[in-house]
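Q: Mind looking at a prediction? Sequence and model below.
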Amino acid sequence: MDPVAAFLLTIAGVFLIGTLGEIVFRRTGVPDVVWLIVVGMALGPISGTLSTQRLSAIAPYFAALTLIVILFEGGSRLRITELGQAALRALLLALVSFVFAAVALAVLSMALKQVKLLPAAWSWYHGFLLGSILGGSSSIVVLPAVGQARVPAKLANLVGLESAFTDAFCVVGAATLISLLTPTAAAALEPVPALVRSLGIGLAAGAVGGGLWLLALHVLHESEYASPITFAALLILYVIIGETGGSAALGILTFAVIVGNAGWIGKRVGFSGDVDLGEDVRGFSRQLAFIIKSFFFTFMGAMLAPPWSLIALGVVLGLVLLAVRVPAVWLATRAGEFSGTERRLVTVCLPRGMAAGVLATLPASAGVANTEWLPVTVFSAVVTTILLFAGGFPMTLRRLRAETSEQPLPAPAPASAIDEPQRTDSQ
C-alpha cells in the first residue's frame, strides 16, 4: 500500500478507536485509553508497523505540544470558586499522595541502584525525578470516569480536583528537576535558589500573560480567530518562559487558570466588557485534547517494546504506587466522614496518564544522562495503573451503590409533628 494511504488510514483508525472507546467506556466502565494503548501495541511491538526509533525521534516535539494542551485544558476547567469551597481536602490528598509516591519511587530506585539494576550514576535527583513523573493521578482518565459513572459528588469532587492538582505537581516538579539535572549554567546554581527562580519566573510570566490575555479576549470576543490566536499565544508563552529559565509548565497552568476564570475575574475587578473565554475556544480546546489524547495513548502503546526487563520494572512501579496510595488516602480522609468503601474507591482512582507519559520523554531530550530507558518503564507503569483502575473502579463502585441502597430509610416523623403545621395554617 502507498505510504501516504497507510498513514491516512492509521490516523482514521486512531480517531475511530478513540471515539468507539468512549462509547464502550460509557457502557462498560473500561477507560477508553485502554483500547488506544492496545491499538498502539498492535502497530508497534506486535506488528512492527511503527518503529520505536522513529517514534523516539518525534517524541520531544509531540511531548511539548501535548504538555501545553494538557495544562491549558485542565487549568482552564479549574474554577476559583470551586477551589475555595472544596479544594482543601483535595489539596491535602494531592500533596500527601504525591509526596508518598515520589518518596517511595525515589527510595525504590536507589535500592535498585545498589543491586546494580540501575546505572551507577543514578542519584537522588534522578530518583525524585522518577517519583515526580509518576507522582500524580491523571485528570484526563479520572474526570471522564467519575462523570460517566455518576460517582457521588463528595467523591467526584475529591478525586477530580486531586487529579488536577497532581497533574500540576508532576509537571512543575519534573520540569524543575530536569532543569537541575541538565548540564547547563542553570544547573550549576544551588538547587533551592534554582527552584525558587524557576517557579517564580513561571508564575510571574503566566500571571502577566493571563492578565494581558483578559484584555485580548475582550477584543476577540465572538471572533472566529479567537481559538487559533489563543493557542498561538500559549505556544509563544511556553517558549518565552523556557528561554528565560522559568518553569514553562507553571506559567501555562497559571495562564490557563486566569483565562479560564476570565468572566469571574472581570466582574471582580469591575471590567465592563465581555472577557469570557467563550464556548468556541473551550470547544476547540476539548477537541484538540481529544485528538492529542488519541494519538498519545496510541504512541504510548507503540513504545512498549523490549527489553522486557524495563516493562517488568514499570509493572512493579505501578504496584508500588497502589501500595503507597492506601496510607495516603487514609491519612487525607481520616478526619472526614468517609466509609471504608468510599476510601477504597478513592484509592483505586490512581491511574497515571498523559502527563506522566509526556514527562518521561523530556529528560533524555533535554540531555539528562542515564534517562534513555525512562519512557518504556514509565509507559509500562502508566498502563499498569490504568488496568488497576479499570478493574477496581467498577467493582468498588458497585459495592458502594449496594451499601447505599441497603442503608435504612429515615424513620417517619410522629403524626403529631406532621399534623402540627396543618393546624397552625388553619388557625
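A: That came through fine. Residues are numbered from 1 along each chain as shown.

Q: Which residue comes closest to W330 once chain neighbours are left out?
A: Leaving out its chain neighbours, the residue that sits closest to W330 by CB to CB, 6 or more residues apart in numbering is R343, at 6.5 Å. Every C-beta, even on glycine, is put in place using the N, C-alpha and C of the backbone.

Q: if I pick the one you found, what's in contact with it?
A: Applying CB atoms under 8 Å, 6 or more residues apart in numbering to R343 gives the contacts V329, W330, T333.

Q: Turn these into CSV, including pLDDT and distance to A12.
A: Shown next, in CSV, are the contacts of R343 (pLDDT from 0 to 100; distance: CB to CB, whole Å):
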residue, pLDDT, distance to A12
V329, 93, 41
W330, 92, 46
T333, 87, 44
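
Q: which of those residues tops the neighbour count?
A: V329 (27 neighbours; other CB atoms under 10 Å).

Q: Show me the residue sitting in the middle of the chain in space.
A: Centrality entry for the chain: nearest residue to the mean C-alpha point is S138, 3.3 Å, by CA atoms, centre = their mean.

Q: Does that one touch L359 like I think?
A: No: in this structure, S138 is not within contact of L359 by CB atoms under 8 Å, at 11.6 Å.

Q: quick one on the thing from earlier: state the distance from the residue nearest to the centre of the chain to E162.
A: Distance, S138 to E162, by CB to CB, to the nearest Å: 11 Å.

Q: Distance from the chain centre to the helix or strand containing V324, please.
A: For V324, the host element (DSSP states H and E) is helix 308-333. Remark: helix 308-333 is offset 17 Å from the chain centroid, using CA atoms, centre = their mean, to the nearest Å.

Q: one step back: so what's the residue nearest to the centre of the chain closest to, chain neighbours aside?
A: G353 (2.7 Å).

Q: contacting residues for that neighbour?
A: Contacts of G353 by CB under 8 Å, 6+ apart are V33, S137, S138, S139, I140, V141, F297, V382, I386.

Q: wait, which of the residues you listed is closest to V39?
A: V39 lies nearest to F297 out of the contacts of G353, by CB to CB, at 8.5 Å.

Q: count of neighbours near that closest one?
A: Considering only other CB under 10 Å, F297 is surrounded by 33 other residues.

Q: you'd agree it is up against M41?
A: No: the pair F297 / M41 is not scored as a contact, 10.6 Å apart, by CB under 8 Å.

Q: Could you name every residue contacting both of the two?
A: Counting by CB under 8 Å, 6+ apart, nothing touches both F297 and M41.

Q: for the helix holding V324, packing partners?
A: On a contact count with 3 or more CB pairs under 8 Å, 6 or more residues apart in numbering; DSSP states H and E, helix 308-333 meets helix 80-114, helix 340-348, helix 374-406.

Q: Just send those back as TSV, with distance to I311 too.
A: Listed next are the helices and strands packed on helix 308-333 as TSV, based on distance: least, CB to CB, whole Å:
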stretch	distance to I311
helix 80-114	15
helix 340-348	22
helix 374-406	4
